[in-house]
Each structure stands twice: as structure tokens, then as C-alpha cells.
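Chemist: please find the sequence and the predicted model below.
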Amino acid sequence: LGNDDGSEGQGNDDDYGNPDVSDEFVFAIEARDDPADIERDWEPLAEWIESETGVPTSIDTVPDDGAAIGALATGQAHASYLSGGPSWVGWNEHGFETLAVEADEDGQPYYVAAAYTRSDTGIETMRDAEGVDSAHTGDLTGAGMLVPTAYLAEEGLVEFDDDDDVTAIHEAVEEYFGNPVVGGGYVGALQALSEEQADIAFGRATTPEEYCGGDDAEEWCLDLDEYEIVEEFTQVPSHPVLASLEATDAEKELLEEALLALNDDPDGQEILEDVFDVHELQEATSEEHLGPYGELISNLPGIEDHLIE
Amino acid sequence: MTSVSTCKPKRCCEITVTRSSPPIRCRGLSVGYNEDPVLENLSFTVGNGSTVALVGRSGCGKTTLLKTLAGILDPLDGEATVLSTSLPQSPSPGELGYIPQSLGLVMHETVLTNVLHGRLSDLGRMRSLLGRFPADAKTDAREALERVGLDGYEQSRVKELSGGQRRRVAIARAFVQEPRVLLADEMLSELDGETAQSIVDCLITLQQETGMSVVIVEHNLEMAKDISDTVLRLGAGGIEDRIESESACEPVPRQSHE
Amino acid sequence: MTSVSTCKPKRCCEITVTRSSPPIRCRGLSVGYNEDPVLENLSFTVGNGSTVALVGRSGCGKTTLLKTLAGILDPLDGEATVLSTSLPQSPSPGELGYIPQSLGLVMHETVLTNVLHGRLSDLGRMRSLLGRFPADAKTDAREALERVGLDGYEQSRVKELSGGQRRRVAIARAFVQEPRVLLADEMLSELDGETAQSIVDCLITLQQETGMSVVIVEHNLEMAKDISDTVLRLGAGGIEDRIESESACEPVPRQSHE
Amino acid sequence: MSNVDRTTSAASFRTHLKTFGRPLLFILVFVLAVWSIWILELHQTDFSGGADGLTFLYGAAIPPEMSVLEVGLRGLLETLYIAYVGTLFGVLLSLPVSLVASRNLFPWYLTLPARWFLAMLRVLPSILWAVIFVILIGTGPAAGVFAITLYTIGFIGKLEYEAFEGLDNEPIEAVSSLGATRLQVLRFVVLPQAINSLISQTMFMFEYNVRHAAAIGIVGAGGIGYYIMGYLDFLQYDRVVVLLAIVFLTVLVIDEFSYRLRSFFLGDMSTSISK
Amino acid sequence: MSNVDRTTSAASFRTHLKTFGRPLLFILVFVLAVWSIWILELHQTDFSGGADGLTFLYGAAIPPEMSVLEVGLRGLLETLYIAYVGTLFGVLLSLPVSLVASRNLFPWYLTLPARWFLAMLRVLPSILWAVIFVILIGTGPAAGVFAITLYTIGFIGKLEYEAFEGLDNEPIEAVSSLGATRLQVLRFVVLPQAINSLISQTMFMFEYNVRHAAAIGIVGAGGIGYYIMGYLDFLQYDRVVVLLAIVFLTVLVIDEFSYRLRSFFLGDMSTSISK
Ligand SMILES: Nc1ncnc2c1ncn2[C@@H]1O[C@H](COP(=O)(O)OP(=O)(O)OP(=O)(O)O)[C@@H](O)[C@H]1O
Ligand SMILES: Nc1ncnc2c1ncn2[C@@H]1O[C@H](COP(=O)(O)OP(=O)(O)OP(=O)(O)O)[C@@H](O)[C@H]1O
Ligand SMILES: [Mg+2]
Ligand SMILES: [Mg+2]
């Protein structure tokens, strides 16, 4: 796609008119980790990329991962920003390249998936959690369901009735735990635990601190010392920005530069905080960033045969 | 299609009447749709056991008047009393019978079911919900169907009948009701002469048996004069002419309804 | 409601006929529903410009026969030719007119629209899709409405008309069509004597003007004899009786249609 | 009273609109469409990626992965049970409400609250009904059945009262003038007259509940909808295709059944032009 | 031919069923219901948590968080645009298909494929339609409009052909015997006769598309459905309640509008018993 109206000369590093670069960048975004994501204003990011690359940019929020990944695979979008789970599925299926990944204050491009409980429950290991009411961030979510189930399977605590079927995961959860509460994201699981609808919750190791640590703690929050980690399962990849298969090298380069430039600019820092809610963006390849996640959940039914392909 | 002459009418004799107040009395009645009067300032009474025939050009308002008397339309002005109830209130259930010009049958239901609709006032709330009619209502309905020459059609759907047969279903629905007042709107149209006569015979028999009062709309003037005590000719927005029929007999007050 | 006498019939003179083959010829025709014959082995012809009246008891099969001739029902047995087309094929559009006993009007559409349905054969595919009728069809429709005494009702919904008025809409729909064969099923029922007479006058005028052939179902035997050349009495599953009417005149072959 | 006033003013309004009403309405609909298309920038839609997209979809779904057939049939059975009970309860409960909501049968002070009630039931997304019932009675098929029951009431109740409002008045008025109570008119005239719509809508709703089984799936990984949604999440379109084919066949069977049932109640429905 | 055969055998079947048919049917429906309830173990449902659950829901939703009002209204507007165009396109395209699918209007070799086509459109979940159109034409409102258009065709097409099949045959047969072509009968008799159903179903579909805005939300964080689904995911019922209230009012407006529109085409619809 070239530019045909020939209006040039807006900025100095202006690639508008380069035959290898589309005349519009489209980001397909599906990020719902936090209630704040719902009304999140993506416009500053679009403006930033536009000013950095000189290519008009639009950011379309898509509430379904499948649509985002499909758009990326067919070139309807140039880049996507999804959470680690669906990103891994997309990469695994289509081999998308990673442009940048989120990292926290310590420069870690992952977070730790964990099980935590209230100190009054007496649960110390995952073995103790059998038959206990549980809180999951959502159905088939990474840290909330897939990772703990993979852990249980690895430890031999659950077995899958049907090796070929993703829904067996849900069934295994139903079987192992008492009355699973599913949904609500990280906060939802934390709240369910705090309000004693569940006695074990899954999410990030940092979840209690994130939502109940600051001054803006929710009223249902318990004191921080009343939450206890039961098990730190593994590192789960943070949200990556993936590039479309159809994107040209020139485009990928432009986008990558624009994204990484956020780190070194005060305005960029603000965008990182307001839009991505992270400390910085890092360079990484899909293999490095998403690969380990796949290894972890590869023993889950319905997912395995995709890895083999 | 065979035995339509189940009714043996005895004309002009012993029409017995219980009450003195006329079943229908209109004074200055205006009828019409949406505040537009079709007929204005109508005054007439229908005595106990007597028959009034309405005639008039097509579209003059005969049906409108009957619908008002039946409680379907509200009177626009004036007063009308039907069976001691003053419109727009309706008389007690089952006392008023109506054979609408447009029949008002449920087309894909059976003939028997439609006729039984004439006996809904027999049904309590529970039976209504279940849709079960008592046996005697069913017997009466079959009998009424026989009278109008439709025996054998009980289980047919009304929509699978001929025009004249459908009309006779509506007639049977009214007959099975044995109402105290019958409003019959062109009930003889679409019927051949013979069938029409047998229906008229039935009507008169019924009238003799029950002392029912009748308002009938009939285009055939001869027929109208024949069956009624009074013929009202409607037109130009009101009653144009009143013909007292000599052939009719005076209603005789009767002692008691057995 | 006023001027219904727009038609000035000249009875019994110069009925002109173009073709020699009779518009309707039935030989051994059986009609009925779902393989059950109602009338069997009917044989009759309707000549050019002549009128045949069907009479018979209610439910004997008059409507069934007309529906078969109109192409709505398939004949069960035998042969029937309508305008040189042998049933169950239908004759060329617009040549056959039908006034059904049950009217078949679209109730909540306007009178004018319903009458215009008689002129659908004038419309090409594009105009049909847009629903636009040519001006002359509209003029004719208004004229037909005037003839049946419904001027002023063009924009009324059919469901807001009286029974007789509705029937006249169906009549106007057939008249505006100027068909070569008209099947009229009880078109005079629900009409008062005067209106009925004016409709008959119109029918005869139209017949004189166009040489149209008519099959009419009519319960009033006098009326039937009066307007027809032949009266067929139907009953007992077939034709019971055939009355040649003396009052009718011989059709005279005409030269050309203007 | 005010009822009459309203009718009169409506009548005069209608007289004015009679000649211009329809064309005006069509123009309005058209202008609004153009305006919306403009706002949404639909005229600038780029169809150039379509061919690529189709190739992609074809590649993703074909050949179908037949191994899910068994799981799909099992899921279908569970879905049918839940949808059957939910639809049945929903339709039965919706009938009284929708009758009361019909403006040709009841006065406005009854129809309005009934309409509001149905609108309320309809407004809650089915997924929310499921959540609510999980909270009230716990996970398990019961929550699904109750969720379906409630949104079915709102959904079909609306279709029903609009069908009732479109009925021919003549039989209703005729039978009620004979002295039938309102209940009797409803039972003996309104319901039988509306039977085509009632059956059609009930079967449609049943079909909808079977198809819309995603919401059913939420209450336990039983129904076929759960599998469909699950495989969609993992982009396993070759499996989704098989599951959808099962639903497709079910829908065809329900459709045929709906026709048979209506013929049974209504008699022959064919006309001379269907040959 | 075979058509006649079918009719005859159906007729004799019906004669047999005439007396026993209805009770038998009701018994069947009832037995199936009991059977399903048994299988699903609905009779063992535990309602003891209900009161707690209600308290929880009340606490979660009340007091409503009014701050989302503005976002909700903005979302509603976007949703209305998309739903309007999608419904309009869908209804217009569905008409020809649903006419051809009506068994009282066309022979079986045309109705069957038309019915299959509509069933196919209906079977794909609306979310999948959205995925497909994002793949075909990209992210943005156009994908949503087309997704809505397609599932609307399948959805409303089915309701339409069942309404057509329930129409009074007399006018259809009368006008077609006058020599009208099939196209003319459809245009001048079938559509006008079905106008109550058509308007009712179109407005219902519009309402459905507005409510079911989850699928609409797919085209960008615009529609109100996006917000509802989003906040539902995070259990923020106090916000969801406000958004649903907005939808509720919209639904009421659409309902009133549907009634007005039908009165406009059909004339006065009130009866003597609605007083
Ligand atoms: N529903 C309606 N709304 C408005 N006007 C109506 C309605 N029904 C009938 N009318 C009008 O009221 C007048 C009287 O109609 P009505 O049905 O009472 O006539 P009728 O005397 O019974 O005629 P017919 O002998 O043809 O049945 C007619 O001019 C008709 O157009
Ligand atoms: N759709 C139908 N299906 C089956 N049988 C029918 C159907 N319509 C009419 N019949 C039956 O066919 C017979 C003839 O009906 P038809 O309508 O031809 O009578 P008709 O002579 O026109 O009577 P009328 O003078 O009452 O109109 C009747 O016995 C009737 O019950
Ligand atoms: Mg009348
Ligand atoms: Mg007849």
C-alpha cells in the first residue's frame, strides 16, 4: 500500500510516502486486566506513534482475542497488544514477531503467577487446597487458570479425562477445587478471597499489594499481612506488542523504534504509565518472551497438539 | 346437508313475556366511530319477545348500531338500556347473543369449539383455564349444529367450511346460548332460500320457547316484514321510517318462566 | 353514498361477441379438496358474452367450482378450459376476473389500493417493485369505485368499511380489470336491494361494452334468472337442473373490438 | 376520557399523514441511514483484504477436525436438556405477562408495567443472568436453566405481545360481547388465534437457547456452547466448524418440527401459488 | 404428484390425531420436561444461599456509580448508529430470502435451500461473525455493521418466513387468480398483510442489536455493550447497573415507537376489551 495523495513534509524523520510503509498503522488491542482498561484512552499512544513515525495511527479496541489475532494474521492490523496467554496462542499458531515487551521497575519482562490465601485458612501447599473454594481471574486465563492447572497436573494432583479437549481444563478445576469462582480479573479473585467467597485465589504474586497496598485500597481489602502466598508457580510473560505477519521490515523497524523511544522521553514515560501501566518497554523476541510459557502449559489437553505442529 | 327442518315453528301464538321493562330502550342514541356519529338521535324500544328488523342502504350504520348495543362500541351520545343495564356497561354474561356480520369465528378451530364459545358463561374460572366444557354444553352445541344443518361438521375447522356454513356456525353459537336478547346482523345473507327459511323457523321456535327479543338486520324487505313486529328503516343519519308489521302478533305477558 | 346509478344498462341489445370458442368449457369436471370430490362429472359451457348463474344449497360446492375455474384449486378429474387455456394452467394475466365470496381484500390497506390490485397485469417488473400504478389505472379505479357507490372512500382502510361496502370494493376490483371472464361469488349478498340492483346494472353495462362472460353464484332465484342466460342448479354432487332463461337475449357475434 | 382524546388527536394526525406519511417515513429512514453511514465512515470501507481473509479462514477451518464430533454430540445433549426446560418454563411464565402487556387486551395502567417488566428482563445480558443465578443457587445446570428461563420471558414476552396486538379484533370482540370474561377471551380466542406466532416464537426461542448456549456453558462445562467458545479462544477453527455443523443440523430439525407443529394446529397452510 | 400424496397422508394422519393429538402432545411435552428436570437434577436445587446472594448483589450494585453515565450515553449513541445501519441492511436483505423460504409461497425446491441458508447464518455466533469481518475488512465500525447485518438476516429471516406462513391465504389466492405474478403477490399482498409482524420483528431486532451490543463493541471501544461487558468482567455491578438503566430506557422508547409505527400502518388496533 503506497501513499497516493503525495502530501509530504510533515516532520523530519517522515516516512510518509515510503513504498514499504503503509499509509496508516492499525493497532488491535485487547487488554482487560484491570477495570481501568475499559475506559482507557489510547489516543496518546496513537499520537505518539504518529509523531514518531509520521504515519497516521489508529488504535482499535477489540474485545475478543480471536479477532485481534485474526486481524494480525491477515494484515488487517499491523500490531497488537494482548496479554501473554492469547499472545502465546497467536504466536504459536502464526509465528508473530515481538516488537516490544512490558517490564516492571526491576526490568523483568514477566510477572510471577501465584496462588495466595488468607492467613486464617491454614492452607500451606497446593495439596491443602483440594476441595477448597477457589477464585480464578477468568475462564481459561493464563495465571488465573491455565498455570495453576498445569502445575496441578505436573504434580500429579489432577488427571484429565479427555486428553484432547481444552474444556477438560475447566473440568479438572471443578473436580479439584470445591466451588470455583471464575471471573473478575485479578481484582475479582482478590476480592472473592478477601470477602471469604473463596479460600484460595490465583493471579500475580503482587496482586494483593497492587490493589490493597496503596492509599486507594478498596474498602473490602484486608491488611496486607493477612494475605499469604501459597505457591509461586512460574514466570508468566508480560504483555507483548506483536507485529503482523504482513508487516514489512521497514514497518516493524519504525514501530519498534517508536515504542522503545517511549522509555527515553518524559512524555513517553507518561504514556507508559497512563496507557501501559508499566515501567518500561524492552526489546525481545517471541521465542525468548513467550517460549517458556508454552513449555509450562504444554501438558494441558487441547494445547499440546498445537505445540507439536 | 339433509335434515335442516328440526325446528317446527308455531307462529303467532303464546309468545310469553315475563318482565314489563323492554329489554332494549334507546333514547337520543348516537352511534359511530372515533367521535364521528354515523347515526344520530335514535329512539326506539324492543319489547319483550318481540322482533325489530333494521333495514337500510349498505353503509348506513346498521352494524354500527348493533355493535353499540352489543357493547363493542361506546355510544357517542344519548342513552341506551340493554336488559336493564345502561350502556356502556354490559348486561349479565350470557344474556345477550350476537351474530356479527363478520362472524367473529376462530377460523382454524373446530366448529364445535366455536359453537361452545356461546356457553362460556357456564364456565367457572378453573374450567375456563383448562378449557373443559361441561357435557350438557356439548350436547346443546351438537343439537344447535343439527338445527342449523351442520351435523357431521363438529370436528371440521371453520376455515374448511363454505361461506354459508360458516355463517351457520355463528348462528349456532348464538342459539346454543339461548340469550334473552339476540342481535342478528345479516344472518341470512350467503344462505340459499331453503336454508334461510329453516334458520328463520329455528329462530321463531327459539323465540317462542324462551321469549327472546330479537334485533335483526335483513336486506330482504319481505323477509324482514315477515319475521318482525317492527321494521326500522335507517338512513340519512337516523331512523327514516317505521313500519309496524300487521302479520306479527302482540306479545302476551306470561306468568313465569317455569 | 349518493350516486350509485352511474351505469345505464341497455338490456338485450347488441351484445357483441368476437370469438366462437366458448370462454369456459367443462367436460366431466370434478372439483373438491384433498382428493375428496365435492362436485363430480360437471359438463357445461359458458358462451361468449353470456351469463351462467349457479344456484344450490349452502355447502353444495358452488365456491369450490368457482375456485377451480379461477385456478386456485386444481381440478380433481375431467377437463376444463378457461379462455383457451386448459386448467390447471392459468389464462393470460388480467383476462380472468374473480370476486371471491370471502373477498380476499387486504384489510388494512386503502380501498384504492385494493381496487388497483385488479390492474396488476398492467404493471411491469420495475413498477411492481416500486408499487407505482400508472395514472390511467388510478383514474379507472376511481371510476369503478364511483360505479359501485364508493366515491369518497378511496383513502379509507377496507377494515373501516361496512360489510356491503367491503364487498363492493371486491366488485370494483374486478370491474376495473375489465376481464373477459368474470367469476362472481355471491357478490350481491350483504347488499340492500337498491344497491344490488345498481351493481347488476353496472355488470350488464360492462358486459355490453366488453362482451364479457359471467359465471355468477346467486341465492336469489329471481335475480339469478333475471341476469343470466342459463341457471345451473347444483346439488347431490353434480348438476341437478338446468334452466334456460327466456328473458335473456341471444349473443350476436360482433365485428371487432373497436 | 383521555383515551378518547388520544384517539381523536391520533386520528386527525393520521389524516394529515395519510398522503405524505409513507413517503416521508421512507425518506426519513433513508436519510438516517446515509447519516449513520457517513458518521461511521462505512463508505470508506476497504475490501481489498477480503480475498486474503477468505484464504486465511479457509485454511484455518478446513479440513475439519472430526475428533470433536463425540464431544460435540455429548455437549449437544446437555444443551438440549437445559434449553428445553428453560424454554418451557420461560414460555409458560411469559404468557400471562405478555397477555397483560397487550394494548388491545388490557388498559394502559396494566400494559405499561407489564411492558416495563419484560423490558427489564430483556435488558440484562444473558451472561449476567447466569452470573446472578450462580450467586443465588451455585454453579450447576440449575443456574443455567433459571438464567435461560428469565431472559426467555423477556425475550419471547415481547414477541408475543406484539403478535397479540396484531390479531384480528373481530373474534375477540364478538366472543367478549357474548358475555365471556376477559380470562375466557384470552383462553379461548386470543391464544388459539395467535397459535401460529406462539409456536413459531417458542420454537425460535428454543433454537436460540440451543445456539446461544455460550451462556449455558457458563454454568458448568457441559453444553456445546462451552466447547464452541473454548475452541474459539484457542483459534481452533477446524474444531469449531464441526461443532457448528452439529448445531446447524439441530437447527434444521427444529425448523422442520416448528412447521409440522403449526400445520397440526392450523391445518393445511399451503396456497395455490406454492406449487 | 408427490405433493398430493403428502397432503393426503397428512390428512389421514390428522384425522387420527384429531381427537387424541392435543392431549397426547401436552403429555409428551410434560413427560419430556420431567425427564429433563430429572437428568439435570433440578429438583435438588439448593435455594438456601439465595438470601445471601441477593444481599451480595444488592451490595455490589447499590449505590450505582453514576460517573459512567457520560461514557454510557456516548456509547449508546455509537451503538445506535451501528445497530441502525446493521439492522436496516439485515432486514432489507432478509426479505427476499425469507419470502423464498415461505412454504406457502414457493415450492419446496426453493424453500429448502433458502431455509438452509438462513439457518447457516444463524448458527455462527455473533462473536464469530465479528472475527470473520475483522479478518475480511479490518478493525473498525464497518466490521461490526457487517457482522450485525449477517446475523440479522439469519435471525429475522426465520421470524419472517414463519409469519408469512401464518398469513391468511384468501387475499393471496384471490389476487393471484386475477393474473398477478408471484412478484406482484409478494409485493402487494404478502408484505402489506405481514406488516404488523414485519415492523414488530424489525424493531425487535433493532432492540436486540442495541442490547446485544457486545458484538457491536467488537469494532472498537465505542458501543455501550463494550462497557457493559467490560465492567461485568470485573464484577463492577454498580457501574453495570447504570449502563443497563440507559439501555432499559432505550428499549422502552423503541417499544413505544414500534407500537406507533404499527398503528400508523394498520390503523386503530384497540378493541372493546382494552378499556
Ligand atoms: N371501524 C370503522 N371505523 C370507522 N368507520 C367505520 C368503521 N366501520 C364502519 N365504518 C363506517 O361507518 C358507516 C356505517 O357502517 P356499518 O357497518 O354500520 O354499515 P351497515 O349499515 O352495516 O352496512 P352494510 O349493510 O353494508 O353492512 C359506513 O359508512 C362505514 O364506512
Ligand atoms: N378448504 C376446504 N377444505 C376442505 N373442505 C372444504 C373447504 N372449503 C369448503 N369445503 C367443503 O366443501 C363443500 C363445498 O363448499 P363450497 O364453499 O364450495 O360451498 P358453497 O356451495 O359455496 O356454499 P355457500 O353457499 O355456503 O357458500 C362444503 O361441504 C365444505 O364443507
Ligand atoms: Mg352491516
Ligand atoms: Mg360459497
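Modeler: That came in fine, so what should we check first? Ligands and ions are numbered 1, 2, ... in the order given.
Chemist: of all residues in the stretch 101-250 of chain B, which one is closest to ligand 1?
Modeler: Closest approach between the stretch 101-250 of chain B and ligand 1, counting by CB to the nearest ligand atom: B:Q101, at 5.5 Å. Heads up, the C-betas are built off the backbone N, CA and C, glycines and all.
Chemist: need the contact list for the residue of the stretch 201-309 of chain A found nearest chain C.
Modeler: Going by CB to the nearest CB, chain C is nearest to A:E246 of the stretch 201-309 of chain A, at 43.2 Å. A:E246 is in contact with A:T74, A:G75, A:H78, counting by CB atoms under 8 Å, 6 or more residues apart in numbering or on different chains.
Chemist: among the residues you listed, which lie within helices?
Modeler: If you go by DSSP state H, those have nothing in helices.
Chemist: just checking: which of these also lie near chain B?
Modeler: Among the contacts of A:E246, proximity to chain B is found for none (CB under 8 Å from any CB of the partner chain).
Chemist: ligand 3: which of these is nearest?
Modeler: Nearest to ligand 3 among the contacts of A:E246, counting by CB to the ion, is A:T74 at 68.1 Å.
Chemist: wouldn't that closest one be in contact with D:G53 here?
Modeler: Yes - using CB atoms under 8 Å, A:T74 and D:G53 qualify as a contacting pair, with a distance of 5.0 Å.
Chemist: which neighbours do these two have in common?
Modeler: Common neighbours of A:T74 and D:G53 (CB under 8 Å, 6+ apart) are E:I135.
Chemist: how much space separates B:Q89 from B:P75?
Modeler: Distance from B:Q89 to B:P75, counting by CB to CB, to the nearest Å: 11 Å.
Chemist: okay, the two: which has more neighbours?
Modeler: B:P75 (22 against 9; other CB atoms under 10 Å in any protein chain shown).
Chemist: which residues are in contact with the more buried one?
Modeler: Per CB under 8 Å, 6+ apart, neighbours of B:P75: B:L29, B:S30, B:V31, B:T68, B:L87, B:P88.
Chemist: quick check, the host helix or strand of the first one touching chain D?
Modeler: Assignment of secondary structure by DSSP states H and E places B:L29 within strand B:24-33. No - counting by CB under 8 Å from any CB, chain D has no neighbours in strand B:24-33; the shortest distance is 9.2 Å.
Chemist: how far off centre is that strand?
Modeler: 18 Å (CA atoms, centre = their mean, to the nearest Å).
Chemist: same deal with stretch B:78-87?
Modeler: With CA atoms, centre = their mean, you get 17 Å for stretch B:78-87.
Chemist: also stretch B:64-77?
Modeler: For stretch B:64-77 - counting by CA atoms, centre = their mean - the centre lies 15 Å from the chain centre.
Chemist: over to stretch D:118-127?
Modeler: 12 Å.
Chemist: for my notes, confirm the residue of the stretch 101-250 of chain B closest to ligand 1 occurs in a strand.
Modeler: No - under DSSP: H, G, I helix; E, B strand; the rest coil, B:Q101 sits outside any strand and is assigned coil.
Chemist: touching, it and C:L161? I think so.
Modeler: No - counting by CB under 8 Å, B:Q101 does not reach C:L161; the two are 11.4 Å apart.
Chemist: so what's B:I24 up against?
Modeler: Per CB under 8 Å, 6+ apart, neighbours of B:I24: B:F44, B:T45, B:V46, B:L69, B:A80, B:T81, B:V82, B:L83, B:V181, B:S213, B:V215.
Chemist: near ligand 2, which residues of chain B show up?
Modeler: Within chain B, the residues that sit near ligand 2 (CB under 6 Å from any ligand atom) are B:E160, B:L161, B:S162, B:G163, B:G164, B:Q165, B:E190.
Chemist: test my guess that the second one contacts B:H108.
Modeler: No - in terms of CB under 8 Å, B:L161 does not count as a neighbour of B:H108; the distance is 11.6 Å.
Chemist: hang on, the earlier thing: show the buried residues in the contacts of B:P75.
Modeler: B:L29, B:S30, B:V31, B:T68, B:L87 (16 or more other CB atoms under 10 Å in any protein chain shown).
Chemist: now the two most distant members of the residues you listed.
Modeler: Across the buried ones among the contacts of B:P75, the longest distance by CB to CB is 11.7 Å; it joins B:S30 and B:L87.
Chemist: re the thing from before, wait, which of the contacts of B:P75 is closest to ligand 2?
Modeler: For the contacts of B:P75, the nearest to ligand 2 is B:T68 (29.0 Å; CB to the nearest ligand atom).
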